[in-house]
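Novice: what follows is a predicted structure for the sequence shown.
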Protein chains: 2
Amino acid sequence: MALRFLSARLAQQIDDELMSASGAFSLDQLMELAGLACAQTVSAVFGPKKYNRVLVCCGPGNQGGDGLVAARHLAMFGYKPTIYMPKPGSKDIYQRLHTQCKNLDIPTLQGDGDAAATLRNALGASDVILDAIFGFSFKGPIRAPFDTAMPLLSASGLPIVSVDIPSGWDVEEGNKDGVGLQPDVLVSLTAPKEGVRAFKGRHFLGGRFVPRTLEERHKLNLPPYPGHEQIVDITEIVQKL
Amino acid sequence: MALRFLSARLAQQIDDELMSASGAFSLDQLMELAGLACAQTVSAVFGPKKYNRVLVCCGPGNQGGDGLVAARHLAMFGYKPTIYMPKPGSKDIYQRLHTQCKNLDIPTLQGDGDAAATLRNALGASDVILDAIFGFSFKGPIRAPFDTAMPLLSASGLPIVSVDIPSGWDVEEGNKDGVGLQPDVLVSLTAPKEGVRAFKGRHFLGGRFVPRTLEERHKLNLPPYPGHEQIVDITEIVQKL
């Protein structure tokens, strides 16, 4: 019984089930645990001494919310995160999560003026990128301002940790257009998605909140997490599949 | 600059500040992180092999909510929690948290029939108690059904992990009436309270979400947390004070 890779439809269905009346999770809860898992993944691979400055790139959807939560936890872990969020989502939760970051003195890049130059400067002053731009509901093409931003992230040569699905990849077909980021590390949330089957880098799983009944109903075959950790390294499991 | 012990008033004020418009935290978020810290404390001291069966005792307030979150995480960590919650809180969040536990097949003791006998039987089938009955807003005397339940918990001889303030203790004056539980382990949330200054057992701090500005404003002098952990062992720090 192998670890299951999720289609876009099943990923959405699982999220819906978790947050339904019977699943009873709130978005606040799931985003908190997902963002914590992302921060722990950065911490597990890129220690805070050598990789202190994390550029947390947030998209306008739930993935961006995970990024904001991760930025806050990274600051608590002793990192110096900076937020790049050129198109803030409109949901109230994103504003609250952003306020929490501001209260920790986490700076956000300002979009006025030459946005590309600002991002380039920020990349020059960063040690690692946390990519929380697009999630499993992404459908191309990549629109402004991310169409110009993503090549800059790639060109920076910085290590990239992607959340759930590398930005620009199709959730089922992977980096078919070749325009996606090439992360060094991936943290899949809940379960890995079809599109990352061929991902060769370091691969973690986060989202330790899936009830056994839901896991069995969808035959997810999730691996056990160690101790009280919120992430589990699935690099070898994925490579053997 | 020593770790600060909080008065009831300051503990309430810090909670209020965290959840104010400027603090921007939701109760869902804080309870998730607090409950996770409680579960991690149980896990840090009482491993899941020898202490598999955890009786999670929940009061009707926010402390009980922390207990429900902890029960869920303990189940995810491989423990077999059972919930004792004879007076469920009425807030919607407690019902959601309880549903999440039911979805993990975590049983809840039924209050009908001989409640004392039911509790006694459950204690006989438990390895450790997580005490999330009363929090820092507790004012005696202890009312039914906890007036009969708490002596049973004490008489069980099981190790007890208390959340924030041992149940029955005054938040500022400690176990002055001698009716409180005597825990082996305490997990203080946000910062320790005045009443536990003289607590001699194993002592952890959880609630790794206090912004530096809030910490400095109230001169909390919190110790650093290790790595990406959600708890820090403050036993030695407290004993040296």
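Specialist: Right, received. Where do you want to start?
Novice: next one, pLDDT for the residue most central in space within chain A please.
Specialist: With distances taken as C-alpha atoms, centre = their mean, the residue of chain A nearest its centroid is A:Val163 (2.0 Å). At A:Val163, the pLDDT value in this model is 98.
Novice: now the strands for chain A?
Specialist: Applying DSSP state E to chain A gives strands spanning A:53-58, A:80-84, A:128-132, A:160-163, A:185-189, A:202-206, A:231-233.
Novice: distance to A:Ala144 added to those strands, as CSV?
Specialist: Placement of C-beta: from N, CA and C, glycine included. Below are the strands of chain A laid out as CSV (distance: least, C-beta to C-beta, whole Å):
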stretch, distance to A:Ala144
strand A:53-58, 15
strand A:80-84, 14
strand A:128-132, 18
strand A:160-163, 21
strand A:185-189, 26
strand A:202-206, 30
strand A:231-233, 33
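Novice: between those strands, which one is nearest to A:Gly47?
Specialist: Among the strands of chain A, the nearest to A:Gly47 by C-beta to C-beta is strand A:128-132 (10.2 Å).
Novice: quick one, that closest one and strand A:53-58 angle?
Specialist: Between strand A:128-132 and strand A:53-58, the angle formed by their directions is 10 degrees, by axes from the mean of the first three to the mean of the last three C-alpha atoms, to 10 degrees.
Novice: what are the pairing partners of strand A:128-132, and which direction each?
Specialist: Applying DSSP bridges to the sheet, strand A:128-132 is found paired with strand A:53-58 (parallel), strand A:160-163 (parallel).
Novice: how close does the closest residue to A:Met85 other than its chain neighbours sit to B:Gly124?
Specialist: Using C-beta to C-beta, 6 or more residues apart in numbering or on different chains and skipping residues adjacent in sequence, the residue nearest A:Met85 is A:Cys58, 4.1 Å away. Counting by C-beta to C-beta, to the nearest Å, the gap from A:Cys58 to B:Gly124 is 51 Å.
Novice: neighbour-wise, which of these two wins?
Specialist: A:Cys58 (30 against 9; other C-beta atoms under 10 Å in any protein chain shown).
Novice: surely the more buried one and A:Gly64 touch.
Specialist: Yes. Taking C-beta atoms under 8 Å as the definition, A:Cys58 is a contact partner of A:Gly64 at 3.6 Å.
Novice: close to chain B, is stretch A:206-217?
Specialist: Yes. For stretch A:206-217 and chain B, the contact criterion (C-beta under 8 Å from any C-beta of the partner chain) is met by A:Arg208, A:Phe209, A:Pro211, A:Arg212, A:Thr213, A:Leu214.
Novice: buried subset of these, written for PyMOL?
Specialist: A single PyMOL command suffices to select whichever of those are buried according to 16 or more other C-beta atoms under 10 Å in any protein chain shown:
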select buried, chain A and resi 208+209+211+214
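Novice: helices - which of the residues of stretch A:206-217 next to chain B land there?
Specialist: Secondary structure assignment by DSSP state H places A:Arg212, A:Thr213, A:Leu214 of the residues of stretch A:206-217 next to chain B in helices.
Novice: still on that earlier bit, pull the contacting residues for the residue nearest to the residue nearest to the centre of chain A when sequence neighbours are not counted.
Specialist: Take A:Val163 and drop its neighbours on the chain: the residue closest to it by C-beta to C-beta, 6+ apart is A:Ala132, 4.5 Å away. By C-beta atoms under 8 Å, 6 or more residues apart in numbering or on different chains, the residues touching A:Ala132 are A:Cys38, A:Val56, A:Cys57, A:Cys58, A:Gly59, A:Gln63, A:Gly64, A:Asp66, A:Gly67, A:Ala70, A:Val163.
Novice: gap between the last one and B:Thr190?
Specialist: Yep, that's A:Val163 we're talking about. Here A:Val163 is placed at a distance of 28 Å from B:Thr190 (C-beta to C-beta).
Novice: number of residues surrounding the nearest residue to A:Ala70 once chain neighbours are set aside?
Specialist: Nearest residue to A:Ala70 in three dimensions, chain neighbours excluded: A:Cys38, at 3.9 Å (C-beta to C-beta, 6+ apart). Neighbours of A:Cys38 under the rule other C-beta under 10 Å: 33.
Novice: any idea how far A:Cys38 is from B:Arg72?
Specialist: For A:Cys38 relative to B:Arg72 (C-beta to C-beta), the value is 20 Å.
Novice: residues from chain A in reach of chain B?
Specialist: Within chain A, the positions lying close to chain B (C-beta under 8 Å from any C-beta) are A:22-26, A:28-29, A:32-33, A:39-40, A:43-44, A:72-73, A:76-78, A:95-97, A:99-100, A:103-105, A:208-209, A:211-214, A:224-225, A:227-228.
Novice: what about 6 Å?
Specialist: A:24, A:26, A:28-29, A:32, A:40, A:43, A:76-77, A:96, A:99-100, A:103-104, A:208, A:211, A:228 (C-beta under 6 Å from any C-beta of the partner chain).
Novice: A:Asp147 and chain B, how far apart?
Specialist: For A:Asp147, the distance to chain B equals 31 Å [C-beta to the nearest C-beta, to the nearest Å].
Novice: nearest residue to that residue in space, please, no chain neighbours.
Specialist: Counting by C-beta to C-beta, 6+ apart, the residue nearest A:Asp147 is A:Pro141, at 7.6 Å.
Novice: need phi/psi at the one you found.
Specialist: phi -80, psi 170 (degrees, to the nearest 10).
Novice: and it, how many neighbours?
Specialist: As a burial measure, A:Pro141 scores 8 neighbours (other C-beta under 10 Å).
Novice: how near is it to chain B?
Specialist: Distance, A:Pro141 to chain B, using C-beta to the nearest C-beta: 34 Å.
Novice: next one, pLDDT for that residue please.
Specialist: For A:Pro141, pLDDT reads 91.
Novice: please apply the same query to A:Phe138.
Specialist: Here the pLDDT value assigned to A:Phe138 is 89.
Novice: repeat for A:Asp177
Specialist: Looking at A:Asp177, its pLDDT reads 86.
Novice: next, count neighbours for it.
Specialist: Neighbour tally, A:Asp177, other C-beta under 10 Å: 13.
Novice: just checking, which of the residues of chain A next to chain B belong to helices?
Specialist: Among these, the members found in helices (DSSP H) are A:Asp28, A:Gln29, A:Glu32, A:Gln40, A:Ser43, A:Met76, A:Arg96, A:Thr99, A:Gln100.
Novice: who's in contact with the second one?
Specialist: With contact taken as C-beta atoms under 6 Å, 6 or more residues apart in numbering or on different chains, A:Gln29 is in contact with B:Asp28, B:Glu32.
Novice: just to revisit the earlier point, who does the residue nearest to A:Val163 form a beta bridge with?
Specialist: Going by DSSP bridges, A:Ala132 forms beta bridges with A:Cys58.
Novice: and the residue nearest to A:Met85, how far from chain B?
Specialist: When A:Cys58 is compared with chain B (using C-beta to the nearest C-beta), they lie 16 Å apart.
Novice: spit out the contact partners of that residue.
Specialist: A:Gly64, A:Gly67, A:Met85, A:Ala132.
Novice: go again with 7 Å.
Specialist: A:Gly64, A:Gly67, A:Leu68, A:Ile83, A:Tyr84, A:Met85, A:Ala132, A:Ile133 (C-beta atoms under 7 Å, 6 or more residues apart in numbering or on different chains).
Novice: burial check on the third one, number of neighbours?
Specialist: A:Leu68 is flanked by 29 other residues according to other C-beta under 10 Å.
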